[in-house]
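*Asks:* The following comprises the amino acid sequence and a computationally predicted model.
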Amino acid sequence: MILIKALSFILLFPSFFVVKKVIRKEDLNFFDLLVLFSTLFFVVIPLKSDEKVFNAIGILTTETSIYVFFYLLFFLIGSLIASSLIVPDNNSPINITYFIKKYPKIKISVFFKVLLILLPVVSLVYYIPQTSFITAFDTIQNESSKATYEQSSLIKFFSTIFRFGVIIPILLLCQNLKNKKIDILLLISLSLFLINFLMLSRRDLLEFFLFGFVVFYSINRQVINRKFISYSLIFGALIYFIYFPFYNVIRTTSVEFKIEEPFTSVQKIYEYGIDNYSKTSNSASDLTDTRAINLYRAIYWIARNDSDRDITWGGITLSAIDHAIPKFINPGKGLGSEIVLQDRQHISYDSADSFLLLALADYSTLGALITIFFYLFIYKLWKFITAVNKFIFGNSIVALYVVYSLFSLSFSIETKLDAILADTVAFLIMVVIIDVIHSTNFITIKSNKVTNREYFKSSELQGVE
C-alpha cells in the first residue's frame, strides 16, 4: 500500500501542467480535461485511500504495482503530448473552453424555455425511476425488468435528450451572467434538473456541476479569483465528504418512490437520509472510498492475473464494436467486452470498465497509447457527423452538443467502449432532433464565419493539414 501511494504521488506531476494552465486562465482542450479526470480517478483516490479501502484490491505485489504505475504514466504523458499537438486557437470542439468562449450568442423562445422546465419533470417520473441506484425505485425497476429491447433503447435515448436539455440553460445562464442578466425560467429549469441529478449516480451529479464550471470558466473566467477558487474548493469538499456519504445512506432507503407524487417522494427520501445520516455516516464514507477505487482495482487485477498468452490483440475491441451495433442491424450480436473483461479479472460480477482497462487486456502495455487513439477516433467520428450535418442543413448547435459529449467522455472514465460506440447511434438521432428544433426557430444562433469547406478541412493538430 505504501509503494502504491508513493508511486501515485509521482503520477500527480503530469496533471501539474494542466493545473498551471488553469492558474493562468488559459484554455483547456479535451486531453487537458482527460488528464485531470484520469488523475482524479487513478491517482488521487489511491493516494488518499486507507488500508480498509485497499483491502478491496486484495493481494498487492511490488511487480504489479510498478507495472500499473508505468502503464498509467505512459497514458498520462501520452495525453499531455496529444494536448500539446492541438492548435490552441483552432475553433474546433476538441478545444473545449476556447470553442465555448467563442460560441455565438444563442436565443431560445419562451415556449422552448417551458419545454426545458417540463423535460426534467417528465424525467422524474419516467427516466429516473428506471435508472436510479436508490432502492426507493426497486419496485418500479422490478416491474420493468422484463422490458423489451425497444423499450430499453427508448429509455437510453431519453437519457440523451435529457442531457441535451441540460446544455442549453447552462450555456445561456453563463452568457447572460457576462451581460449581468438573469432569466428566471432558466433558473427554474436548472433547479429541476438538479433535483433529477440528485436522484442519479454520484458521477452524474459531479458531471452536471463540473460541466457548469467548465462553461462558466470558458465564458466568465475574468471573475475567477482566489476567493472564487476557495469557495469552489469548499463546495467540492462538501460534496465529497458530506453529500457522497449522505447519498450512500439514501441509496438504501426504506422509502418507496411513488410516481403520482414525485416531489413528495423525493422529499421523503431526503428526510430519511437526514434522520439516518448520523447513525451510518462513517460506514457510508468508507463505502464511498471503496467504490471510488474500483477503476484502479480493475486495472490492477488485469495486470496481476494476465500473462503474455492472454493478450488478444484487438479481439476485445472487435467484440465491443460488434456489441455496439444496433440489434436491428446486427441481430446476432455478441455480449460485448464486459464478460471477457470479467473473466480476465477472475470475477463473476460487473467491474468498473474503462478504455484503459480494455486496452490493457487487449494490447498489453501498448494499450496506454492505443487508448489515446480510441479517444481521437471517437472525436473524429463525431466531428465528421457534425460536418456532414453542417454541410447539408447549415449552422446549428450540433457542434455545441459535440463539446458536451467530449466533456462527458473525458469525465466518464468508467465507460465501456461498447457504450460509447452505441451512444454514437443515439448521437445521430439527436442531430436530427436538433435540426428539427432549429427549423421551428425555437433556437436561433448567430451565423459564425466558418464556411462548410473550412469546417471539413480544418485540422486541430499542429503540422497536420
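*Replies:* The structure has been received and is ready for your questions. Numbers count the residues shown, from 1 in each chain.
*Asks:* what stretches of the stretch 251-400 of the chain score poorly on pLDDT?
*Replies:* Residues of the stretch 251-400 of the chain meeting the criterion pLDDT under 70: 279-292, 348-350.
*Asks:* one more time with 90
*Replies:* In the predicted model of the stretch 251-400 of the chain, residues 251-358, 361-362, 364, 381-400 satisfy pLDDT under 90.
*Asks:* residue ranges of the helices in it, please?
*Replies:* With DSSP state H, counting those that start in this stretch, the ranges of helices along the stretch 251-400 of the chain come out as 262-292, 294-305, 315-324, 337-345, 355-363, 367-393, 398-411.
*Asks:* deepest of those helices, which one?
*Replies:* Among the helices of the stretch 251-400 of the chain, helix 355-363 has the highest mean neighbour count (mean count of other C-beta atoms under 10 Å), at a mean of 25. Every C-beta, even on glycine, is put in place using the N, C-alpha and C of the backbone.
*Asks:* Measure how far the direction of that helix deviates from that of helix 367-393, in degrees.
*Replies:* Put simply, helix 355-363 runs at 120 degrees to helix 367-393, going by axes from the mean of the first three to the mean of the last three C-alpha atoms, to 10 degrees.
*Asks:* before we move on, back to that, out of the helices of the stretch 251-400 of the chain, which comes closest to residue 127?
*Replies:* Comparing those by their distance to residue 127 (C-beta to C-beta), the top pick is helix 262-292, with 11.5 Å.
*Asks:* For my notes, please list the helices of the stretch 251-400 of the chain in a markdown table and give distance to residue 166 for each entry.
*Replies:* Converted to a markdown table, these look like this (distance: least, C-beta to C-beta, whole Å):
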| stretch | distance to residue 166 |
| --- | --- |
| helix 262-292 | 18 |
| helix 294-305 | 24 |
| helix 315-324 | 24 |
| helix 337-345 | 27 |
| helix 355-363 | 24 |
| helix 367-393 | 18 |
| helix 398-411 | 8 |
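*Asks:* Can you show me the strands along the stretch 1-150 of the chain?
*Replies:* 106-108 (DSSP state E, counting those that start in this stretch).
*Asks:* Okay, now the unreliable bits of it?
*Replies:* Applying pLDDT under 90 to the stretch 1-150 of the chain flags the ranges 1-5, 8, 22-25, 40-62, 64-65, 87-92, 102-109, 112, 123-150.
*Asks:* try 80
*Replies:* Using pLDDT under 80 as the threshold, the predicted model of the stretch 1-150 of the chain has low-confidence ranges 1, 49-58, 131-150.
*Asks:* which ones are touching residue 269?
*Replies:* For residue 269, the contact set (C-beta atoms under 8 Å, 6 or more residues apart in numbering) comprises 134, 136, 199, 250, 253, 255, 257.
*Asks:* surely residue 97 meets residue 214?
*Replies:* Yes - here residue 97 lies in contact with residue 214, judged by C-beta atoms under 8 Å, at a distance of 6.5 Å.
*Asks:* and the gap between residue 142 and residue 130?
*Replies:* According to C-beta to C-beta, to the nearest Å, residue 142 stands 11 Å off from residue 130.
*Asks:* More neighbours: which of the two?
*Replies:* residue 130 (18 against 9; other C-beta atoms under 10 Å).
*Asks:* mind listing what the closest residue to residue 36 other than its chain neighbours touches?
*Replies:* Closest residue to residue 36 in three dimensions, ignoring its sequence neighbours and counting by C-beta to C-beta, 6 or more residues apart in numbering: residue 18, at 5.4 Å. When contacts are counted by C-beta under 8 Å, 6+ apart, residue 18 is found next to 28, 32, 35-36, 80, 83.
*Asks:* any residues in contact with both of residue 97 and residue 214?
*Replies:* What both residue 97 and residue 214 touch, as defined by C-beta under 8 Å, 6+ apart, is the set residue 28.
*Asks:* got CSV for the contacts of residue 18, with distance to residue 71 too?
*Replies:* Converted to CSV, those look like this (distance: C-beta to C-beta, whole Å):
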residue, distance to residue 71
28, 24
32, 21
35, 15
36, 19
80, 16
83, 19
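*Asks:* Which ones among the residues you listed lie within helices?
*Replies:* Secondary structure assignment by DSSP state H places 32, 35-36, 80, 83 of these in helices.
*Asks:* any idea which of these is closest to residue 227?
*Replies:* Closest to residue 227 out of these is residue 36 (22.0 Å), distances taken as C-beta to C-beta.
*Asks:* show me the contacts for that closest one.
*Replies:* By C-beta under 8 Å, 6+ apart, residue 36 lies in contact with 15, 18-19.
*Asks:* Distance check, it against residue 97.
*Replies:* Using C-beta to C-beta, one gets 12 Å for the distance from residue 36 to residue 97.
*Asks:* got it, and residue 258?
*Replies:* Taken as C-beta to C-beta, the spacing of residue 258 relative to residue 97 amounts to 42 Å.
*Asks:* So for those two, which residue has more residues nearby?
*Replies:* When neighbours are counted by other C-beta under 10 Å, residue 258 and residue 97 differ, and residue 97 comes out ahead with 24 against 15.
*Asks:* Next one: that one from residue 399, what distance?
*Replies:* Distance from residue 97 to residue 399, counting by C-beta to C-beta: 14 Å.
*Asks:* if I pick the spatially closest residue to residue 336 that is not a sequence neighbour, what's in contact with it?
*Replies:* What sits nearest to residue 336 in space, not counting adjacent residues and going by C-beta to C-beta, 6+ apart, is residue 323, at 3.1 Å. Taking C-beta under 8 Å, 6+ apart as the definition of contact, the neighbours of residue 323 are 333-337, 418, 422.
*Asks:* and those residues, which are buried?
*Replies:* 333, 336-337, 418, 422 (16 or more other C-beta atoms under 10 Å).
*Asks:* among the residues you listed, which are in strands?
*Replies:* If you go by DSSP state E, those have nothing in strands.
*Asks:* nearest to residue 208, of those residues?
*Replies:* Out of these, the one with the shortest distance to residue 208 is residue 422. That distance is 22.0 Å, counting by C-beta to C-beta.
*Asks:* Do I have it right that the closest one meets residue 322?
*Replies:* No - taking contact to mean C-beta under 8 Å, the distance of 11.1 Å between residue 422 and residue 322 leaves them out of contact.
*Asks:* Name the residues contacting each of these two.
*Replies:* Taking C-beta under 8 Å, 6+ apart as the criterion, residue 422 and residue 322 do not both touch any residue.
*Asks:* Can you tell me how far the residue lying farthest from the centre of the chain is from residue 174?
*Replies:* Here the chain reaches farthest from its C-alpha mean at residue 309, the gap being 33.3 Å by C-alpha atoms, centre = their mean. Using C-beta to C-beta, one gets 53 Å for the distance from residue 309 to residue 174.
*Asks:* can you check residue 376 too?
*Replies:* Here residue 376 is placed at a distance of 28 Å from residue 174 (C-beta to C-beta).
*Asks:* Nearest to residue 89 among the contacts of residue 18?
*Replies:* Closest approach to residue 89 among these (C-beta to C-beta): residue 28, at 13.3 Å.
*Asks:* burial of the closest one, as a residue count?
*Replies:* 22.
*Asks:* Relative to residue 356, how far out is it?
*Replies:* Residue 28 is 21 Å from residue 356, by C-beta to C-beta.
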